[in-house]
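1. One predicted model, sequence on top.
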Amino acid sequence: MKIAFIGIGLMGRPMVTRLLDAGFEMHLWNRSPKKSAFFLERAAIASQPIEAIHEADIVITMLENGDVVDDIIFKNNAFQSIKPNALFIDMSSIPPSLARKHATLIENQGAAYLDAPVSGGTIGAEQGALSVMVGGTQNHFEKALPIFSVLGKATYIGKVGCGQLCKLANQAVVGITIGAVSEALLLASEGGADPQAVRAALSGGFAASRILELHGQRMIDRDFKPGATSRVQLKDLRTILDEARAENLCLPLSQRCYESYLSLVSNGHENVDHSGLLLELEQLNNTQLKQGKAVNDA
């Protein structure tokens, strides 16, 4: 199986590495050529997306948002070079309605389409521990399982667009929980409690979560090197609210979380990790989370 992989960014690079390590033949393209050139000795590097796509059995896109997918693959008609019976897998996070539109265009070329956004950040991508949320038909999902199994755990959600709906649900939980962890640690810190000890205690109770475990520690360490950027979290929250309006839903927690990330990004923190929402809370309160002492999580 020849795989064309479009988008060698924060997530794409470790995903490509794992697929190459698993023995797949890869054809790569990225807007910034130096990122794909990193794999020059292990994969074929295309000069244009159409060059990567036209001989591929599987086409995977891992791009920042729906507009970028649209511009690179569809508006310039690169998708028309896809082989009949090939499988197009969009692992980007895009609006469900756009996924359905892209699926129709791909299927009109005689190929198949899956929307398969992921969660787990760069750490999950490096470890092959991503959660892959898949929309499309069951038989195409099963065809893609050898690829998904290299990248993490895949779950079939339903028809085209349902993978993206699941990703929106994921991002609502992630964004809101990051806000809750930020507020909890700052509240404890301002009252004189050691935030490291608070995190350890909460991790053993009903408030335990992956966000508290990983991003809570990031906040304490002030390590905001991006695994997933605040800019992308803001984009996802905007899409959540757009989808909610389309379904006549009111999501007040998502709305408030969106406003917080909007302020964070407007204040120049668009490229910090999304756990950097703490920075917005600190600015709002004119204070800073105290650094905790080393505490065993046991």
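-> Perfect, I can see it now. These figures come from a predicted structure and were not determined experimentally. Numbering: from 1, shown residues only.
2. and the gap between residue 80 and residue 54?
-> 9 Å (Cβ to Cβ, to the nearest Å). Any C-beta I mention is one placed from the backbone N, CA and C, and that applies to glycine too.
3. of the two, who's got more company?
-> Ranked by neighbour count (other Cβ atoms under 10 Å), residue 80 and residue 54 place residue 54 first, with 18 against 15.
4. The more buried one contacts residue 81, correct?
-> Yes: counting by Cβ atoms under 8 Å, residue 54 touches residue 81, with 3.9 Å between them.
5. hmm, back to that, what is in contact with residue 80 and residue 54 at once?
-> Counting by Cβ atoms under 8 Å, 6 or more residues apart in numbering, residue 80 and residue 54 have no shared contacts at all.
6. Show me the shaky parts of the stretch 101-250 of the chain.
-> Filtered on pLDDT under 70, the stretch 101-250 of the chain yields no residues whatsoever.
7. Could you tell me which residues within the top helix by length along the chain count as buried?
-> If you go by DSSP state H, the chain has its longest helix at helix 162-190. Neighbour-count burial for helix 162-190, with 16 or more other Cβ atoms under 10 Å as criterion, is recorded at 162-168, 170-172, 174-182, 184-186, 188-189.
8. Same question for stretch 223-238.
-> Result for stretch 223-238 [16+ other Cβ under 10 Å]: buried residues 224, 226-238.
9. Which ones among the residues you listed map onto helices?
-> Reading helices off the buried residues of stretch 223-238 with DSSP H, I get 230-238.
10. Serialize the residues you listed to JSON lines and add fields for distance to residue 4.
-> Output for those, formatted as JSON lines (distance: Cβ to Cβ, whole Å):
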{"residue": "230", "distance to residue 4": "30"}
{"residue": "231", "distance to residue 4": "26"}
{"residue": "232", "distance to residue 4": "23"}
{"residue": "233", "distance to residue 4": "28"}
{"residue": "234", "distance to residue 4": "29"}
{"residue": "235", "distance to residue 4": "25"}
{"residue": "236", "distance to residue 4": "25"}
{"residue": "237", "distance to residue 4": "30"}
{"residue": "238", "distance to residue 4": "29"}
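11. Which member of those is positioned nearest residue 14?
-> Closest approach between these and residue 14, by Cβ to Cβ: residue 232, at 16.1 Å.
12. Hmm, residue 92 and that closest one touching each other?
-> No: if you go by Cβ under 8 Å, residue 232 and residue 92 don't touch, sitting 10.3 Å apart.
13. joint contacts of the two?
-> 64-65.
14. Next, report how far stretch 32-44 is displaced from the centre of its chain.
-> Centre-to-centre, stretch 32-44 and its host chain are 22 Å apart (Cα atoms, centre = their mean, to the nearest Å).
15. mind listing the helices for the stretch 1-150 of the chain?
-> Using DSSP state H, counting those that start in this stretch, the helices found in the stretch 1-150 of the chain span residues 12-21, 33-37, 49-53, 66-69, 96-107, 121-127, 138-151.
16. Residue 246 is nearest to which of those helices?
-> helix 96-107 (7.7 Å).
17. wait, what's in contact with residue 131?
-> 118-120, 124, 152-153, 155, 170.
18. Neighbour-wise, give me the winner out of these.
-> residue 118 (25 neighbours).
19. That one: what's it in contact with?
-> 11, 91, 124-125, 130-133, 151-152, 167.
20. follow-up on the earlier one: tabulate the helices of the stretch 1-150 of the chain in CSV, adding columns for distance to residue 284.
-> Below are those laid out as CSV (distance: least, Cβ to Cβ, whole Å):
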stretch, distance to residue 284
helix 12-21, 34
helix 33-37, 36
helix 49-53, 43
helix 66-69, 30
helix 96-107, 33
helix 121-127, 25
helix 138-151, 38
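21. Select, out of these, the one closest to residue 198.
-> helix 121-127 (23.1 Å).
22. and that closest one, how far out from the chain's middle?
-> Chain-centre distance of helix 121-127: 10 Å, with Cα atoms, centre = their mean.
23. Same question for stretch 85-92.
-> For stretch 85-92, the distance to the chain centre is 16 Å (Cα atoms, centre = their mean).
24. Span of it from start to end?
-> 21 Å (Cα to Cα, to the nearest Å).
25. Show me what counts as buried in that stretch.
-> Result for stretch 85-92 [16+ other Cβ under 10 Å]: buried residues 86-92.
26. cool, and stretch 54-63?
-> 54-56, 58-63.
27. And stretch 200-213, what's buried?
-> Of all the residues in stretch 200-213, those buried under the rule 16+ other Cβ under 10 Å are 200, 202, 209, 211-212.
28. Taking the residues you listed together, which two end up most distant?
-> 200 and 211 (15.1 Å).
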